[in-house]
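Colleague: need coordinates for the below:
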Amino acid sequence: MSSTFLTGTAYAERSASQISDERSEIKADLSDAEAKIADALVDLKDLEKQINQVDDALAENEKQMKETKDKIASTKKEVDKLEKEIVKLEAEIEKRYEILRNRIVSYQQSGGDISYLEVIFGSKDFGDFISRVSAVSKIADSDTDLMKQQEEAKAELEEKQDKVKKKLNGLKDMKVELEGMQSLIVEQRKQNEKKKEELKDKVQDLKDLKAELKVKDSNLAAIQAEVNRSVAASKSSDGGKLTQLSSKAPAKASSGSLSTAINAGYKYLGVPYVWGGGSPSGFDCSGFVSWAFAQAGISIPSSTAGLQYTGSKVSYSNIQPGDLVFFNTYKTNGHVGIYVGGGKFIGSQNSTGLAVADMTSGYWKNHFAGHVRRVR
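Modeller: Alright, predicted model coming up:
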């Protein structure tokens, strides 16, 4: 009988120990599942924020596109008006040329210019003499006025032609910008759809994790009840103190040692993308880079056209935090950011506003051709 009791006690103790280990494992799994759910919720929130930012960016781009189209239409009307004025001026100049040509022919046929001697010897009387002198003076003055008007008309025509050329060049530049904006909108729409799919996947994963959590919690309750029954049946003490695993807090990212320009940018992460913007109220890519370096007392251009020649070119293998990185988006060197290390850069993106982006994969990797410049 004693032997039987000891055997039962040992069995109960052995079972309680095993169940305690199993409970610890389940608790660890439960904690891990809860941590994953928390991470999924954070990712879900971030995705929703990114999608909203993309939608806002799309709306802003469409607004900019409409404004650009309106400007192009207005410029075309102005160009048409200038061209009509040029045609009119050319007709007037041609008419004046014809008048002068006829007068020159008339002078040549009469043996040259009418001289005052011819006026004197050809006069019938003094009154006729005065009339002839007056006529010669008027003709000379008229010719002079016509020539002056002709020169002024030519100058006006050249000025009008210059204005037309400048308008046409501006129109071409606006077309390039419009095409670039259109390509960005298409790209952002694709990203938007992709992020929506990612959001759906995250939601489904979250549901699966919740279901798994309920199953594990139910198993844990059943095991705990079984332990209590086993202990009561064997009249044994607890088979061991059950340990509960605590979830670890996520490690803080190392801040690193970055330039004043980079630190200035981190303060304004999330600031929206604004085309042509160069202040904390809104940046475009080149406007942010120029502003950031200005905070460090360094003056650099505020356009990608100027920044692509700033400082010295270095190879990507020698890249350092603070270097400028360029991406071929809708045109060569169409986007620029500041490298922060670890394959990442900080910049004002059309889809996210001011943010840190990964250039080692995805969109930015595909559009990076190795163009790196060191300001200092």
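Colleague: and residue 80, how far from residue 154?
Modeller: 22 Å (C-beta to C-beta, to the nearest Å). Glycine gets a C-beta too; all of them are placed from N, C-alpha and C.
Colleague: hmm, I typed the wrong one, I wanted residue 331.
Modeller: 39 Å.
Colleague: also residue 171?
Modeller: Using C-beta to C-beta, we find residue 171 at a distance of 26 Å from residue 154.
Colleague: for residue 373, same thing?
Modeller: Separation of residue 373 from residue 154 (C-beta to C-beta) stands at 47 Å.
Colleague: who's more crowded, those two?
Modeller: Neighbours of residue 373 and residue 154, each counted by other C-beta atoms under 10 Å, are more numerous for residue 373; the result is 19 against 13.
Colleague: contacting residues for that one?
Modeller: Contacts here follow C-beta atoms under 8 Å, 6 or more residues apart in numbering; on that basis residue 373 touches 307-308, 310-314, 323-324, 326.
Colleague: just the pLDDT for it.
Modeller: Residue 373 carries a pLDDT score of 94 in this model.
Colleague: just checking, it is part of a helix?
Modeller: No. Using DSSP: H, G, I helix; E, B strand; the rest coil, the assignment for residue 373 is strand, not a helix.
Colleague: which residue is the nearest non-sequential neighbour of residue 92?
Modeller: Spatial nearest neighbour of residue 92, excluding adjacent residues (C-beta to C-beta, 6 or more residues apart in numbering): residue 153 at 6.1 Å.
Colleague: wait, residue 276 sits on residue 287?
Modeller: Yes. Judged on C-beta atoms under 8 Å, residue 276 makes contact with residue 287 at a distance of 6.8 Å.
Colleague: the two - which one has more neighbours?
Modeller: residue 287 (20 against 12).
Colleague: so which bits of the host helix or strand of that one are buried?
Modeller: According to DSSP states H and E, residue 287 maps onto helix 285-295. By neighbour count on 16 or more other C-beta atoms under 10 Å, the buried set for helix 285-295 is 285-293.
Colleague: now residue 326: how far from residue 360?
Modeller: Look at residue 326 and residue 360: by C-beta to C-beta, they are 16 Å apart.
Colleague: how about residue 272?
Modeller: In terms of C-beta to C-beta, residue 272 sits 26 Å off from residue 360.
Colleague: higher neighbour count, those two?
Modeller: The neighbour comparison of residue 272 against residue 360 (other C-beta under 10 Å) goes to residue 272, with 17 against 10.
Colleague: so what's the residue nearest to that one when sequence neighbours are not counted up against?
Modeller: Take residue 272 and drop its neighbours on the chain: the residue closest to it by C-beta to C-beta, 6+ apart is residue 353, 4.4 Å away. Contact partners of residue 353, counting by C-beta under 8 Å, 6+ apart, are 53, 57, 270-273, 283.
Colleague: go again with 10 Å.
Modeller: Residue 353 makes contact with 53, 56-57, 268-274, 282-283, 288, 347, according to C-beta atoms under 10 Å, 6 or more residues apart in numbering.
Colleague: residues contacting residue 164?
Modeller: Residues near residue 164 by C-beta under 10 Å, 6+ apart: 78-83, 85-86.
Colleague: so which of those are in helices?
Modeller: Taking DSSP state H as the definition of helices, the contacts of residue 164 contribute 78-83, 85-86.
Colleague: name only those of those residues that count as buried.
Modeller: 79, 82, 86.
Colleague: switch the residues you listed over to JSON lines; also include pLDDT and distance to residue 205.
Modeller: Output for those, formatted as JSON lines (pLDDT from 0 to 100; distance: C-beta to C-beta, whole Å):
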{"residue": "79", "pLDDT": "76", "distance to residue 205": "57"}
{"residue": "82", "pLDDT": "75", "distance to residue 205": "62"}
{"residue": "86", "pLDDT": "76", "distance to residue 205": "67"}
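Colleague: from these, pick the one nearest residue 64.
Modeller: Closest approach between these and residue 64, by C-beta to C-beta: residue 79, at 22.1 Å.
Colleague: quick check: closest non-adjacent residue to that closest one.
Modeller: Distances taken as C-beta to C-beta, 6+ apart put residue 167 closest to residue 79, at 5.2 Å, once the chain neighbours are dropped.
Colleague: hmm, back to that, distance to residue 298 for the ones in helices among the contacts of residue 164 - can I get that in TSV?
Modeller: Shown next, in TSV, are the ones in helices among the contacts of residue 164 (distance: C-beta to C-beta, whole Å):
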residue	distance to residue 298
78	40
79	41
80	46
81	45
82	43
83	46
85	47
86	47
